[in-house]
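Participant: sequence and predicted structure below; questions after.
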Amino acid sequence: MNDLEKQELDTNSLGTEEACAKMWSVYVSQAEKYDKALVAGWRADMKGILIFAGLFSSTVTGFITESYQTLTLDTGNTAVLMLARLQAGIDIADPVEFIPPTSAVICNALWFVSLGLSLACAVIATLVEQWARDYVNKSDMRPSPIERARICSYLYSGLKRFRMHTLVDLIPLLLHMSLLLFFAGLVAFLYPINPAMTLIAVCLLSIVTLIYAVLTLLPLFFADCPCRTPLSGVYWHIGQLSMGLAAAVRRGAAHLKRSMEEVTMHRATEDSARRTRRDRRALCWTLKSLTAEHELEPFVEAIPQVIWS
């Protein structure tokens, strides 16, 4: 191979590499935009969880400090009990058997589990913040667009493989369970003290549980509902699985599983009278919002093209 052929080969290779770099640069741009938005959302969620978990843990610790004393025999009560046994002619050398009340055992068990879940959420949230930071840093370690694209694809496949999204969604669920256990322990704590206060606590717990259940089920029936809980996705997957099994039994065909986000996007863009009304409201709002002439001019210029297209 002479020098001219080598130069042409190097030129073709360089052109191919530049074309690949240009193509993969588009992927890198979109992937980085998606990754930064994803990591920013995770960091914001974890920051809020850390603050709430810290405040909630300190509150539960204060209650446990008072409630755990009901699991041991009070020395003052022991002295009174010995005097009573002495007056009754009972040998005080016999050991005093102490059995903690059932309500005290239930209360402390619920509060200790609640505290453990809250602290576990704080630890996992701290780890998620660290993992998110490492994920972004690893994606920016190579200047070549091709290498960065492959690194981004490799790392994101790891997120999907190890179900990082599921882990992040699990943290608020654990925190909600911790809060529910705290209220249940509060009912057990107040039960032997005052029936009226116990009734108030039961009513409060019932209202909170009912609201939580409504917020969980609403997005399953209304795709445009902005409210949801970590259990909404769980029930959605259960519903999709049930519909798939029913479709397989009845028609012998597989049911197309779709995520909640896919259903929302489909219903927002499908051709219907409701979409037309939403488009009309959006355009009217745009006209009312545009106040400067340079902002209004492109909008008005596009109207004839939209009408005649």
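Facilitator: Sure, I can see it. Residues are numbered from 1 along each chain as shown.

Participant: alpha carbons only for contacts and neighbour counts from here, please
Facilitator: OK.

Participant: list the buried residues for stretch 40-51?
Facilitator: For stretch 40-51, the neighbour count (16 or more other CA atoms under 10 Å) marks 42-43, 45-47, 49-50 as buried.

Participant: meant to ask about stretch 170-187
Facilitator: For stretch 170-187, burial by neighbour count (16+ other CA under 10 Å) applies to 170-172, 174-176, 178-187.

Participant: for the stretch 151-300 of the chain, just list every one of the helices.
Facilitator: Here the stretch 151-300 of the chain has its helices, by DSSP state H, counting those that start in this stretch, at 164-190, 195-221, 230-250, 260-269, 273-289, 293-308.

Participant: in JSON lines: these, plus mean pLDDT.
Facilitator: Listed next are those as JSON lines, based on pLDDT from 0 to 100:
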{"stretch": "helix 164-190", "mean pLDDT": "91"}
{"stretch": "helix 195-221", "mean pLDDT": "91"}
{"stretch": "helix 230-250", "mean pLDDT": "79"}
{"stretch": "helix 260-269", "mean pLDDT": "83"}
{"stretch": "helix 273-289", "mean pLDDT": "82"}
{"stretch": "helix 293-308", "mean pLDDT": "71"}
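
Participant: mean neighbour count, those: which tops it?
Facilitator: Using mean count of other CA atoms under 10 Å, the stretch among the helices of the stretch 151-300 of the chain with the greatest mean number of neighbours is helix 164-190 (a mean of 19).

Participant: what's the angle from that helix to helix 230-250?
Facilitator: If you take axes from the mean of the first three to the mean of the last three CA atoms, to 10 degrees, helix 164-190 sits at 120 degrees to helix 230-250.

Participant: ok, and what's touching stretch 51-62?
Facilitator: 111, 114-115, 118-119, 121-122, 175, 182 (CA atoms under 8 Å, 6 or more residues apart in numbering).

Participant: and that stretch, what's its mean pLDDT?
Facilitator: This predicted structure assigns stretch 51-62 an average pLDDT of 94.

Participant: centre-most residue in the chain?
Facilitator: With distances taken as CA atoms, centre = their mean, the residue of the chain nearest its centroid is residue 169 (3.2 Å).

Participant: mind listing what the closest residue to it other than its chain neighbours touches?
Facilitator: Counting by CA to CA, 6 or more residues apart in numbering, the nearest residue to residue 169 once its immediate chain neighbours are dropped is residue 230, at 6.0 Å. Listed by CA under 8 Å, 6+ apart, the contact partners of residue 230 are 169-170, 172-173, 216.

Participant: make it 7 Å
Facilitator: 169-170, 172-173 (CA atoms under 7 Å, 6 or more residues apart in numbering).

Participant: dump the contacts of stretch 51-62 to a markdown table, plus distance to residue 138 and secondary structure.
Facilitator: Putting these into a markdown table (distance: CA to CA, whole Å; DSSP: H, G, I helix; E, B strand; the rest coil) gives the following:
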| residue | distance to residue 138 | secondary structure |
| --- | --- | --- |
| 111 | 41 | helix |
| 114 | 36 | helix |
| 115 | 35 | helix |
| 118 | 30 | helix |
| 119 | 29 | helix |
| 121 | 25 | helix |
| 122 | 25 | helix |
| 175 | 30 | helix |
| 182 | 40 | helix |
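
Participant: now the residues you listed: which count as buried?
Facilitator: Looks like the contacts of stretch 51-62 have 111, 114-115, 118-119, 121-122, 175, 182 buried, using 16+ other CA under 10 Å.

Participant: please produce JSON lines containing those residues, extended by distance to residue 238.
Facilitator: As requested, the buried ones among the contacts of stretch 51-62 are arranged in JSON lines below (distance: CA to CA, whole Å):
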{"residue": "111", "distance to residue 238": "30"}
{"residue": "114", "distance to residue 238": "27"}
{"residue": "115", "distance to residue 238": "30"}
{"residue": "118", "distance to residue 238": "27"}
{"residue": "119", "distance to residue 238": "29"}
{"residue": "121", "distance to residue 238": "25"}
{"residue": "122", "distance to residue 238": "28"}
{"residue": "175", "distance to residue 238": "22"}
{"residue": "182", "distance to residue 238": "28"}
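
Participant: follow-up on the earlier one: return the member of the contacts of residue 230 nearest to residue 263.
Facilitator: For the contacts of residue 230, the closest approach to residue 263 (CA to CA) belongs to residue 169, at 19.2 Å.

Participant: okay, the closest one and residue 176: tell me how far apart.
Facilitator: 12 Å (CA to CA, to the nearest Å).
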